[in-house]
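In: sequence-free structure coming up:
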């Protein structure tokens, strides 16, 4: 039997064989390390947690920046809103309040007893939650003013 392989190629020398074995050992070592890394669930969990934490930090910074920009926009809108518009909104709110009072008196005078009792209960609830109602009304007025300002641009 001949020492040649595959046709006319000469048989590898001892040094060549040693070199191939060494390369194969290196490749096998890297493969084993990669497999060990994939099997290390704790390390994978740590890496994933670090990645998620970093993403959350970036998103929190982006959200904070957006909130800051929104606050600046609100301040700018408030600064650019003419006093006449603010006064008109206050007058409209006063007229609305007066109309609601008049409608309430008319309804009280013509409503059945059961309806009047329900209205009295609702009025009591509104009085007890006055700060929340005022805050809601103020937010509504601010929204309407901002919307009007944006439409004018």
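Out: On my side now, so go ahead. These figures come from a predicted structure and were not determined experimentally.

In: neighbours of residue 125, just the number please.
Out: Using other Cβ atoms under 10 Å, residue 125 has 10 neighbouring residues. To be clear about C-beta, it is placed using only N, CA and C from the backbone, and glycine gets the same treatment.

In: host element of it?
Out: For residue 125, the host element (DSSP states H and E) is helix 113-128.

In: So which elements touch that helix?
Out: helix 83-110 (3 or more Cβ pairs under 8 Å, 6 or more residues apart in numbering; DSSP states H and E).

In: And the average pLDDT for the helix it packs on is what?
Out: What helix 83-110 shows for mean pLDDT is 82.

In: the inter-axis angle of that helix versus helix 113-128?
Out: 150 degrees (axes from the mean of the first three to the mean of the last three Cα atoms, to 10 degrees).

In: helices and strands around helix 83-110, which ones?
Out: helix 113-128, helix 130-152.

In: Tell me how many other residues crowd residue 82.
Out: 10.

In: just to revisit the earlier point, looking at the helices and strands packed on helix 83-110, which is nearest to residue 97?
Out: Minimum separation from residue 97 across the helices and strands packed on helix 83-110 (Cβ to Cβ) falls at helix 130-152, 9.6 Å.

In: looking at the protein, which helix or strand is least sure?
Out: None of the helices or strands of the chain scores lower by mean pLDDT, DSSP states H and E than helix 113-128, at a mean of 77.

In: circling back: and the angle for the helix holding residue 125 with helix 130-152?
Out: Counting by the same axes, to 10 degrees, helix 113-128 lies at 80 degrees to helix 130-152.

In: show me what contacts residue 82?
Out: Contact analysis of residue 82 by Cβ atoms under 8 Å, 6 or more residues apart in numbering lists nothing.

In: What of residue 142?
Out: Neighbours of residue 142 in contact, by Cβ under 8 Å, 6+ apart: 74, 78.

In: Go again with 6 Å.
Out: Not one residue lies near residue 142 by Cβ atoms under 6 Å, 6 or more residues apart in numbering.

In: Quick one: neighbours of residue 88, just the number.
Out: If we define neighbours as other Cβ under 10 Å, then residue 88 has 12 of them.
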